[in-house]
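Novice: Sequence below, structure please.
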Amino acid sequence: MDQAAPPPSLLAFTEVQTHPFVPEVRLRLASDSFALWEEVGEAMGRGELAPPFWASAWPGGLALARYLLQHAEIVLGRTVIDVATGSGVVAIAAALAGARSVAAYDTDERAVHAARTNAGLNGVSITVSRGDVRTISAPSGALVTAGDVFYDRIISAAMLEGLTALAEAGAEVLIGDPYRSYLPQDRLEPLATFDVGVEMFLESDPVKATVVARLS
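Specialist: Just a heads-up that it's a prediction; the model follows:
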C-alpha cells in the first residue's frame, strides 16, 4: 500500500468527530461502526485485514488521553511512546499536553494512516510507524502509554512482555483499560478511574468504568 495514501475505508466510512469525553481532540471515526465492520469482515476472516480498531474511540485510550490532558505535568518536556495507537488519540493528547516528542506505533498499516491523519487534524507533530511492542525501544525516563491492549489472551501476554521490558529499561508505563478479563491488575498501580461513554456496538455497556494505572 502507498505509504502516502490513506486507505479507502478511512475516508469512505469515517467522518471528523470529537468524543464528548475528550473534546479537545478531533478524530476521523466511523460514522457507522456496524457498517464498517461488516464491510471489512470478509477480508478479516481471510486474514487479509486487521479489525478496524483505528476507526473507534475506545474507553482505555479515551481515559488515558483525558488523564494526560488533566495532568500535563506528567508529559511536559518528555519523550512519549504510544503503543497500539489505533486512532492516535493518546499520542495526540500527549502532544497537546506538551510532550517534547511523541512516537506512536501500531501493527496495522491502516491504523498508522489513521493516526497520521488525525495528528494532522489537530496540528500536532507525531512520528507514527508500524511496530510491535516487543521490538520497540524507549530511552530511560520516557513515558510509554498503552490503551485497550488486554482484550485477548495471546495479545495480552505479548503486550505484558513488551511493556514489562520497557519498564525494566527505565520507562514509565501507563495503561488505560476498562477492566477487561486479561488486565494484569496485580501488576498495576491505579492512578485514576473514569466512567467513559462508549458505543453499544463496541462494548457491552454504554458507560465503562475505566482505570488509568502505572505498570509496576
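Novice: Okay, strands next: where are they in the protein?
Specialist: 14-19, 22-30, 79-83, 101-106, 127-130, 143-147, 172-177, 188-197, 207-215 (DSSP state E).
Novice: Among those strands, which comes closest to L64?
Specialist: Closest approach to L64 among those (C-beta to C-beta): strand 172-177, 3.5 Å. From N, CA and C alone the C-beta is placed, and that goes for glycine too.
Novice: State the mean pLDDT of the closest one.
Specialist: What strand 172-177 shows for mean pLDDT is 98.
Novice: now the angle from it to strand 143-147?
Specialist: Relative orientation of strand 172-177 and strand 143-147, computed by axes from the mean of the first three to the mean of the last three C-alpha atoms, to 10 degrees: 10 degrees.
Novice: between the strands of the chain, which one is nearest to A55?
Specialist: It is, among the strands of the chain and with distance given as C-beta to C-beta, strand 22-30, at 4.1 Å.
Novice: tell me what that closest one is packed against?
Specialist: Other helices and strands packing on strand 22-30, by 3 or more C-beta pairs under 8 Å, 6 or more residues apart in numbering; DSSP states H and E, are strand 14-19, helix 59-70, helix 89-96, helix 109-121.
Novice: Let me have those in a markdown table, adding mean neighbour count as columns.
Specialist: A markdown table is the format used below for the helices and strands packed on strand 22-30 (neighbours: other C-beta atoms under 10 Å):
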| stretch | mean neighbour count |
| --- | --- |
| strand 14-19 | 16 |
| helix 59-70 | 26 |
| helix 89-96 | 29 |
| helix 109-121 | 22 |
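Novice: Figure out which of the ones you listed is closest to R153.
Specialist: Of all these, helix 59-70 comes closest under C-beta to C-beta, at 17.1 Å.
Novice: what about the longest helix in this structure?
Specialist: For the chain, the helix with the greatest residue count under DSSP state H is helix 153-168.
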